[in-house]
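K.L.:
Give me coordinates for this.
(one chain, ligands or ions: 1)
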Amino acid sequence: MIDVCDIQVMKPLLASHGFHFSKAKGQNFLIAPWVPRSIAEEAGVDEGAGVLEIGPGIGPLTQQLCLRAGKVCAVEVDERLKPILKETVGAFSNLEILWQDVMKLDIPALVREKFPGLRPMACANLPYYITTPILSALLEAKCFDSVTVMVQKEVAQRIAAEPGSADYGAFSVFCQYYAQPELLFDVPAHCFLPQPKVTSAVVCLRMRRDLPWEIENEKTFFRVVRASFAMRRKKLANGLASGFPELGKTGAAEVIAAAGLDASVRGENLGIPEFARIAAEIDSRRGGMGE
Ligand code: SAM
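P.N.:
You can find the predicted model right below:
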C-alpha cells in the first residue's frame, strides 16, 4: 500500500500528476500517518460498518477506513484527484468513489442504497470552508450510528461546549440535540500540507437513538435556540421578543415564567430541556400550530 502520508512519497506523486492544491476546495492533506489511523481506530470502524467518507483527497483516511470497514463510499468533488486515488486506493474492492459535491447529495437515500445490512458511519477530514453545512447535513440525515470528523479546534470546542461556557452557542445545542459529542484529540498544523493557520481537532458525535426530551416541534425548538443566542449579552426575554415578534416583551416574559425559569435568565446558561420547555410554551400559546 502506498504510504500517502509520507511526504517523500506524496510530493513526487502529486508532481507526477501535475496536481496543485486548491485553497478554494479546502485542500490540506494529511502528512502524519498516526492521524488517519487514529481517526479510523477511535471511530470504531469495523467489518460491520459502512462508512461514508467526505473528501478523500489522495486517500490517507480512505486507506485506513478500507482496511477496517465492510464498505467505504467516498465522495470527492475534485476530479483532478481521480488518477491519484486510482494509484493509492484503487486496489480496495470494498471502496466506491462518487465524484460529486457532498452538499448536493441525498445522504439518507445514499446510505440506504450503499450500506444495506451495515452500520452506517461518517468519517472525514472536512474541508473547513463548509464544515458547518456538511456537519449539519450529516446530523440532520439521522441515519448514522456516529459521525467522526476533523474540524478546526475552535469548532470542535463549540460542538462539545457545556451551558454557561464561553464556547456554548446555537451550534452546540444543534449538535447535542442530535448527538453526544466527544473530543478525541488535537491535530497540530504541521500534520498537513499545506499547513493551515489553525490547530485542528477530531470529534466523535455518537448519534442519539431516542431523544431524551419531549420536543414536539423541532422548528419552534431551533427557532427558540437561535433567538436565545442572537442577543447573547442580553436577557433571554429580549432575544425571545425579537425572535418571536408576535409574543412581544410581555408575552416573552410570560413564556419564560411559564417554563419555570427566572426572569433574569440568559440563553447561554440554558440546556436543551429548558429550550424545549420554552418552545412548548410558545407552541401552546399558538394552539400548537408551530409557526
Ligand atoms: N482526506 C484527505 C486528507 O485527510 O488528507 C483530504 C482532506 S481535505 C481537508 C478536504 C477534501 O475535501 C479535499 O480533497 C477536497 O477536494 C474535498 N472537498 C472539498 N469540498 C468538497 C465538497 N463540496 N464535496 C466533496 N468533497 C469536497
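K.L.:
any idea how far the residue lying farthest from the centre of the chain lies from the ligand?
P.N.:
Taking C-alpha atoms, centre = their mean as the measure, the residue most remote from the mean C-alpha position of the chain is Thr250, 37.2 Å away. According to C-beta to the nearest ligand atom, to the nearest Å, Thr250 stands 46 Å off from the ligand. Yep, even glycine has a C-beta here, placed from its N, CA and C like the rest.
K.L.:
Could you number the chain from 38 rather than 1 from now on?
P.N.:
In the new count, where the first residue is 38, that last one comes out as Thr287.
K.L.:
Show me where the stretch 188-328 of the chain has its strands.
P.N.:
Assigned by DSSP state E, counting those that start in this stretch, the stretch 188-328 of the chain shows strands spanning 216-224, 229-230, 237-244.
K.L.:
Apart from its chain neighbours, what residue comes closest to the residue of the stretch 88-237 of the chain found nearest the ligand?
P.N.:
Taking C-beta to the nearest ligand atom, the ligand has its nearest neighbour within the stretch 88-237 of the chain at Gly92, 2.1 Å off. Here the nearest residue to Gly92 in space, its sequence neighbours aside, is Pro164; by C-beta to C-beta, 6 or more residues apart in numbering that works out to 5.4 Å.
K.L.:
Surely the residue of the stretch 88-237 of the chain closest to the ligand touches Leu118?
P.N.:
No: applying C-beta atoms under 8 Å as the test, Gly92 and Leu118 come out as separate, 9.5 Å apart.
K.L.:
which residues touch Glu133?
P.N.:
With C-beta atoms under 8 Å, 6 or more residues apart in numbering as the criterion, the residues that contact Glu133 are Lys108, Val109, Cys110, Ala111, Lys151.
K.L.:
for the first one, what are its contacts?
P.N.:
When you say that, I think you mean Lys108. Gly87, Val88, Asn131, Leu132, Glu133, Lys151, Phe152, Leu155.
K.L.:
Filter the contacts of Glu133 down to just the ones in strands.
P.N.:
Taking DSSP state E as the definition of strands, the contacts of Glu133 contribute Lys108, Val109, Cys110, Ala111.
K.L.:
By neighbour count, sort out the buried ones in these.
P.N.:
Buried members of the ones in strands among the contacts of Glu133, scored by 16 or more other C-beta atoms under 10 Å, are Lys108, Val109, Cys110, Ala111.
K.L.:
of those, list those near the ligand.
P.N.:
Within the set of those, contact with the ligand (C-beta under 6 Å from any ligand atom) is found for no member.
K.L.:
low pLDDT regions in the protein?
P.N.:
325-328 (pLDDT under 70).
K.L.:
any chance you could map the helices in it?
P.N.:
44-53, 71-80, 97-105, 119-126, 144-151, 168-177, 190-197, 207-215, 255-267, 273-280, 285-295, 309-322 (DSSP state H).
K.L.:
CA-only coordinates of the fourth one, as CSV, when you get a sec.
P.N.:
Just to be clear, that refers to helix 119-126. In CSV, the C-alpha atoms belonging to helix 119-126 read as follows (Å, rounded to 0.1, in the frame of the first residue of the first chain):
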residue,chain,number,x,y,z
LYS,A,119,-9.1,10.6,-10.0
PRO,A,120,-5.8,9.2,-11.3
ILE,A,121,-4.1,9.7,-8.0
LEU,A,122,-6.8,7.9,-6.0
LYS,A,123,-6.6,5.1,-8.6
GLU,A,124,-3.0,4.6,-7.6
THR,A,125,-3.4,5.0,-3.8
VAL,A,126,-6.7,3.2,-3.1
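K.L.:
Pick the most buried one from the helices of the chain.
P.N.:
Among these, helix 97-105 has the highest mean neighbour count (mean count of other C-beta atoms under 10 Å), at a mean of 24.
K.L.:
centre of the chain versus it, how much separation?
P.N.:
On the basis of C-alpha atoms, centre = their mean, to the nearest Å, helix 97-105 sits 20 Å off its chain's mean C-alpha point.
K.L.:
tell me what that helix is packed against?
P.N.:
strand 66-67, helix 71-80, strand 86-91, strand 108-113, helix 119-126, strand 156-162 (3 or more C-beta pairs under 8 Å, 6 or more residues apart in numbering; DSSP states H and E).
K.L.:
Briefly note if the shortest one comes near the ligand.
P.N.:
Yes: counting by C-beta under 6 Å from any ligand atom, the ligand is contacted by strand 66-67 at Phe66, Leu67.
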